[in-house]
Every structure is written in structure tokens, then in C-alpha cells.
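*Asks:* below: sequence and its predicted model.
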Amino acid sequence: MKIHLKAAACVTVALSLGIANAAIAFEPGDWLIRAGVTNVDPKSNNHDVVSVDDGTSATINFTYMMTDIWGLELLAAYPFEHDIELLDGTEVGSTKHLPPTISIQYHFRPTESFQPYIGVGINYTDFFSEKTTGPLEGTNLKLGASWGLAGQIGFDVLISENWFLNLDLRYINIESDAKLNGASLGTVKIDPWIYGAHIGVRF
């Protein structure tokens, strides 16, 4: 009798945990909002003459759960600012950019409190407020906008029914045609790795 009672208790606990996990898991129709800090780290060897440094800014993304495993995400941010240097380290300018990105995500464990996911999407990067300093001071630097593919991996950890923590890693293909006083400098291949840490809420 005691064995049966213990077994029944174990089943009850297991079912309770399952119900609890299911209750806090993301569901079709949920909106997820994640806000935090992101670092954009361009690859080395951006260009034959110049190098683009990394930049950190506040980011926010919005995900609509189309099903319990498929989500559609929009990434937005406060402008990132990057220093531009010659290959010897001499600073010659700076630029700001905004990288709105739309991705479709696949969530592997929709009924669990730990939810890893992958995503793929399209990025548009707009460069603006270019400035020149040092050896290039007084010249006109212009960086063209970029379209490219974006990939991501990440995970959410639910800490309550509606709140969760998030870490993600992205790679975005960003290439900009640069001009100095109207003359082409060729293509600056930024292609950054992007690291983000956020706190999220669902509605």
C-alpha cells in the first residue's frame, strides 16, 4: 500500500511540474519583448586601409509567437557608434548605425522553462553621422547602407509566468560601400558577431 501511495505521489508531483511548466511556456499568440544591452563586434580585416571598432548600445526586440515553436522577431536598437581607425591604430573617424533585423525563430523546447532557439532573417543597416578626425579631418566620409542575411542562436529562461532572462548571439552580413570626398574607397566588410543580454516579458 505504501509503495502505491509513493508511486501515486511521484506521479502527482510529476504531473504538477508538467502543468506548471506548460503554464509558463510560451504559447501561440504571445508577444515577447526583450530589452537589454548588445555589443556589435566587427570582424578583423574590415578593409585594406581602415578598421571598424566594436560598439555597445541598448537594444529591444519584439517576437510574436505564431505557434508554440515558431516566432517572428523584429530587432531594434538605440544607435550604435563605432570608431574608424587606420590599420596602425590612428583614429580617423566615426560613424553611427541602426541595424533593424527581421528573423523567424524556431524554439526547441516550447513546454520547458529553459527555451533555446535558432533564427534566420534579413538585416538592413543604415549608417549616418559619419565624422572624420586626425589625418582625415575636414574630409567627407560616407558609408552606404547594407542589406544582408542574419543568423542567431539564443535561449530564454523563464523566471515567472511572464518574466524571463535572455542571452543571444547573432552573426550579420554587413558590407558598406565607402566614399571619401565622393571617391570610392571600396567595400568595408563589417560582418559582426553580436552579443546580447536582455530581460524579457510576455503579453
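*Replies:* Right, received. Where do you want to start?

*Asks:* where does pLDDT dip in this structure?
*Replies:* Applying pLDDT under 70 to the chain flags the ranges 1-24.

*Asks:* try 80 this time
*Replies:* 1-25, 44-45 (pLDDT under 80).

*Asks:* which other helices and strands contact the longest strand that it contains?
*Replies:* Using DSSP state E to define each element, the chain has its longest strand at strand 114-132. Under the contact definition 3 or more C-beta pairs under 8 Å, 6 or more residues apart in numbering; DSSP states H and E, strand 114-132 sits against strand 70-77, strand 91-98, strand 101-107, strand 141-143, strand 146-158. Where C-beta positions appear, they are placed from N, C-alpha and C, glycine not excepted.

*Asks:* assess the claim that Leu169 and Gly151 are in contact.
*Replies:* No - counting by C-beta atoms under 8 Å, no contact exists between Leu169 and Gly151, whose distance comes to 9.1 Å.

*Asks:* could you give the bridge partners of the closest residue to Tyr64 other than its chain neighbours?
*Replies:* Spatially, and ignoring its direct neighbours in sequence, Tyr64 is nearest to Leu72 (5.0 Å; C-beta to C-beta, 6 or more residues apart in numbering). Bridge pairing for Leu72 (DSSP bridges) gives the partners Tyr64, Ile104.

*Asks:* report the angle between the axes of the helix or strand containing Asn166 and strand 70-77?
*Replies:* Using DSSP states H and E, Asn166 maps to strand 163-172. Put simply, strand 163-172 runs at 80 degrees to strand 70-77, going by axes from the mean of the first three to the mean of the last three C-alpha atoms, to 10 degrees.

*Asks:* buried stuff in strand 163-172?
*Replies:* Judged by neighbour count (16 or more other C-beta atoms under 10 Å), strand 163-172 contains these buried residues: Phe164, Asn166, Asp168, Arg170, Tyr171, Ile172.

*Asks:* make a markdown table out of these and add distance to Asn123.
*Replies:* Supplementary listing: these in a markdown table, determined by distance: C-beta to C-beta, whole Å:
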| residue | distance to Asn123 |
| --- | --- |
| Phe164 | 24 |
| Asn166 | 19 |
| Asp168 | 14 |
| Arg170 | 9 |
| Tyr171 | 10 |
| Ile172 | 5 |
